[in-house]
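Peer 1: Got a predicted structure here, sequence first:
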Amino acid sequence: MCDEGEAIVGFLVVREVADDEVEFWDPENGWSDDPDEGRLYETEDEAEQAARDLRAEDPATITVEPVFEDDEDEDEDADEEDETL
């Protein structure tokens, strides 16, 4: 899934809902099926604390997942620059 040495940019709190579907936590808006709507925690400890608090109220499986730096965006930006030259 990721190469060793890939930079972790943050952590998401994830809840498994049904049949391999997941939702992402944002304290202001609640659960969302869009990972871009989930809060990106800066530290794993901060995300784990949020997950512990949520587990106390929710019987679903709630985990903390790392978010890795996305190299594809950099590649797309470079391609766009090449096209404009």
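Peer 2: Arrived safely.

Peer 1: can you give me the strands in this structure?
Peer 2: For the chain, strands defined by DSSP state E occupy the ranges 8-16, 22-26, 30-32, 62-68.

Peer 1: Nearest to residue 40, out of those strands?
Peer 2: When those are compared by CB to CB, strand 8-16 sits nearest residue 40, at 3.9 Å. For glycine as for every other residue, the C-beta is placed from the backbone atoms N, C-alpha and C.

Peer 1: isn't residue 34 right next to residue 22, touching?
Peer 2: No: when contacts are counted by CB atoms under 8 Å, residue 34 is not listed as touching residue 22 (10.7 Å).

Peer 1: which of the two has more neighbours?
Peer 2: Shown here are residue 34 and residue 22; by other CB atoms under 10 Å, residue 22 has more neighbours (18 against 9).

Peer 1: and the more buried one, what does it touch?
Peer 2: With contact taken as CB atoms under 8 Å, 6 or more residues apart in numbering, residue 22 is in contact with 14-16, 33.

Peer 1: what's the burial count for residue 59?
Peer 2: 6.

Peer 1: Same question for residue 50.
Peer 2: 18.

Peer 1: Which residue, other than its chain neighbours, is closest to it?
Peer 2: residue 13 (5.3 Å; CB to CB, 6 or more residues apart in numbering).

Peer 1: residues contacting the one you found?
Peer 2: With CB under 8 Å, 6+ apart as the criterion, the residues that contact residue 13 are 24-25, 38-39, 41, 47, 50-51, 54, 62-64.

Peer 1: Turn those residues into CSV, columns for distance to residue 7 and pLDDT.
Peer 2: Output for the contacts of residue 13, formatted as CSV (distance: CB to CB, whole Å; pLDDT from 0 to 100):
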residue, distance to residue 7, pLDDT
24, 20, 97
25, 22, 97
38, 19, 97
39, 19, 97
41, 15, 98
47, 16, 98
50, 22, 97
51, 22, 97
54, 26, 96
62, 25, 95
63, 21, 97
64, 17, 98
